[in-house]
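[1] got a predicted structure here, sequence first:
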Amino acid sequence: MTERRMTLAVPNKGRLVEPTLHLLHDAGLVFEERDRSLVSRVENVALDVLFVRTNDVVEFVRDAVADLGITGGDLLAESEVDLPVVRALGYGRCRLAAAVPEDAPQRTVADLAGLRIATAHPRTARRWFAERGIEVGVIPLSGAVEVAPRLGLAEGIVDLVSSGATMASNGLRPIGDLLASEAILVGNPDALRDRSDDVERLVTMLGAVLEGRRRKYVMMNAPAERLAELEALLPGLESPSVIPLAHAGMIAIHAVVGSADVWGLLPRLKAAGASGILVLPIEKLVA
Ligand code: AMP
């Protein structure tokens, strides 16, 4: 019997490509050599990866050309297609923000009433302003949105921002956010129902990588009598592992901690008697 392979649509261009391939690779998928072709077979899992435009991922999944897809949350919102989000992926984070030229008088999104807004997200913008009873003229553009005010096409824009540096360098000032976005895994509803075991396996592996990235494995030695003090500093996943050492009265403590907490934690562990402290990356974590 030939197995039916699953299909995952991913971006072939743009800023989501690199982190997406990184995630798939870290999850343990081994790709066959791909020479600019649209599809890449995964050797060790019954999965084909389809490389398409980030903008087209939602349509591929909706039309069941792909069972699953990775795209930006902003693009799902803009498509107005009702697809289940299987998991948020934590990268490609950005905001869809309204902005005006630095010297413009508008201070809030409500001040945009009666004005024209240029955007590559026209449906999201129309919906958002309509829901708030703010009447704006939406000018759809497919690119170069940030130059629209300078060209006299619009008084304001609605565009994606991450750091805000691009807007600032174009002389624009953000005045409010419409939505927050990050990369998401979406699924075709039929595939999620009919292939739930395969989907679950993939989601578990992707999730294990994402959870692992947020944490570190910390190992240290300490005098046994300092255990309570050290344990109080280590609010890990579960209680830490405590292992007796060859030297009487000494123990090793192993614990999982949040990556962001490591900075503050190490000096405190040291002050509480820990030595030989090692911080290791976690490749995968299934809690
Ligand atoms: P791209 O293919 O490079 O145009 O990127 C498409 C997707 O990347 C967007 O739809 C967003 O989901 C995401 N993204 C994350 N940060 C930004 C940003 N600062 N500007 C544009 N897109 C972003």
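    Alright, I've got the coordinates. Numbering: from 1, shown residues only.
[2] for the stretch 1-150 of the chain, what spans make up the strands?
    All strands of the stretch 1-150 of the chain, identified by DSSP state E, counting those that start in this stretch, fall at 6-11, 39-41, 47-52, 68-72, 85-88, 94-101, 116-119, 137-140.
[3] show me which residues of the fifth one are buried.
    Judged by neighbour count (16 or more other C-beta atoms under 10 Å), strand 85-88 contains these buried residues: 86-87. Using the backbone N, CA and C atoms, a C-beta is placed for each residue, glycine as well.
[4] what parts of the stretch 51-200 of the chain come near the ligand?
    Applying C-beta under 6 Å from any ligand atom, one finds that the stretch 51-200 of the chain approaches the ligand through 54, 72, 74-75, 92, 94, 160-162, 181.
[5] so which of those is surrounded by the most neighbours?
    G72 (26 neighbours; other C-beta atoms under 10 Å).
[6] was I right about G14 contacting T54?
    Yes. Using C-beta atoms under 8 Å, G14 is in contact with T54, at 5.3 Å.
[7] quick revisit: so can I have CSV of the strands of the stretch 1-150 of the chain showing distance to D177?
    Below are the strands of the stretch 1-150 of the chain laid out as CSV (distance: least, C-beta to C-beta, whole Å):
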stretch, distance to D177
strand 6-11, 23
strand 39-41, 36
strand 47-52, 28
strand 68-72, 15
strand 85-88, 17
strand 94-101, 5
strand 116-119, 13
strand 137-140, 17
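[8] can you tell which of those is closest to E211?
    With C-beta to C-beta as the criterion, E211 lies closest to strand 85-88 of the strands of the stretch 1-150 of the chain, at 11.1 Å.
[9] just how off-centre is that closest one within its chain?
    10 Å (C-alpha atoms, centre = their mean, to the nearest Å).
[10] got it, and stretch 4-13?
    18 Å.
[11] show the average pLDDT along it.
    What stretch 4-13 shows for mean pLDDT is 95.
[12] buried residues of that stretch, list them for me.
    Quick answer for stretch 4-13 (16+ other C-beta under 10 Å): 6-12.
[13] run through who's touching that stretch.
    Outside stretch 4-13, the residues within contact range by C-beta atoms under 8 Å, 6 or more residues apart in numbering are 16-17, 20-21, 24, 38, 41, 46-54, 56-57, 60-61, 65-71, 191, 195, 198-199, 202.
[14] got the domain boundaries for the protein?
    When the chain is parsed with automatic domain parsing, its domains come out as 6-91+183-212, 94-179, 214-281.
[15] got the end-to-end distance for stretch 130-146?
    End-to-end span of stretch 130-146 (C-alpha to C-alpha, to the nearest Å): 22 Å.
[16] need the contact partners of that stretch.
    109-110, 112-120, 122, 125-126, 129, 148, 153-154, 156-159, 166-167, 170, 172.
[17] for this protein, which spans come out with low pLDDT?
    Residues of the chain meeting the criterion pLDDT under 70: 1-2, 35-36, 236-237.
[18] remind me, longest helix of it?
    As assigned by DSSP state H, the longest helix anywhere in the chain is helix 196-213.
[19] which residues touch that helix?
    6, 8, 23-24, 26-28, 45-47, 67-68, 86-87, 89-90, 185, 187, 191-192, 259, 281-287.
[20] what are the buried residues along that helix?
    198-199, 202-203, 205-213.
[21] helix 196-213 and the helix or strand harbouring V256, what's the angle between them?
    Taking DSSP states H and E as the definition, V256 sits inside strand 250-258. On the basis of axes from the mean of the first three to the mean of the last three C-alpha atoms, to 10 degrees, strand 250-258 is oriented at 120 degrees to helix 196-213.
[22] continuing past strand 250-258, what's the next helix or strand?
    helix 262-271.
[23] packing partners of that next one?
    Packing partners of helix 262-271 (3 or more C-beta pairs under 8 Å, 6 or more residues apart in numbering; DSSP states H and E): strand 215-223, strand 275-281.
[24] repeat the analysis, applying 7 Å as the threshold.
    The contact analysis (3 or more C-beta pairs under 7 Å, 6 or more residues apart in numbering; DSSP states H and E) places helix 262-271 against strand 275-281.
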